[in-house]
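*Asks:* Would you be able to build a 3D model of this:
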Amino acid sequence: MLEYLKYAGILFGLIILQLGINWLLPVTSYKITPDVTLIGIVYVSINRGKIIGSVSGFFSGLVLDLISFSFLGLSTLSKASAGFFAGFFFRESKINKYLSTYIFVLIVLFASLVNNFFYYVLYYQGSSLQIIDIVLRYILPTSIYTSFISVIPLMFFRKRLFKR
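*Replies:* This is a model prediction of the structure:
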């Protein structure tokens, strides 16, 4: 139970960080920002699996929806789906390998693609944007930016692993 509270604290801190840096780190004219909460969801999913990953994604997305006054359920669905996807990489014997190598960045990239696909396709449903425009303007840049930022925790995991 204490471990789950630790994960909840990490995710809540990342939600606060994400809301705090949204105005600080935008790139392109479409205001693309990294999804640091998703990096935490991937971390939890790699450590605990699909069910805990999707539950952590669900609650993180719900908190983000409630705080940001966005469409209720949109972040919830997309982050739960990304947490479930990242949970496929849960293997007891490979947790340290996944968290301390660039495999972590690739997992974040693919989970971010899943998250952003659900989020942006549903968000822009009914607009004049074509699916290729949504992919090129929002899904790919946000996913690449998030995976680029995920190098920072990767360095932390590697440093912690080498101290052991």
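*Asks:* Need the pLDDT of the residue nearest in space to the middle of the chain.
*Replies:* Computing the C-alpha centroid of the chain and ranking residues by C-alpha atoms, centre = their mean puts Leu38 first, at 1.4 Å. pLDDT recorded at Leu38 is 94.
*Asks:* again with Lys79
*Replies:* Each residue has a pLDDT score; the one for Lys79 is 94.
*Asks:* Go ahead and confirm it touches Val42.
*Replies:* No. In terms of C-beta atoms under 8 Å, Lys79 does not count as a neighbour of Val42; the distance is 10.4 Å. Bear in mind the C-beta positions are built from the backbone N, C-alpha and C, glycine included.
*Asks:* Using the three-state scheme, assign Gln125.
*Replies:* In three-state terms, and counting by DSSP: H, G, I helix; E, B strand; the rest coil, Gln125 is coil.
*Asks:* Quick check: phi and psi on it?
*Replies:* Main-chain torsions, Gln125, degrees, to the nearest 10: phi -60, psi 130.
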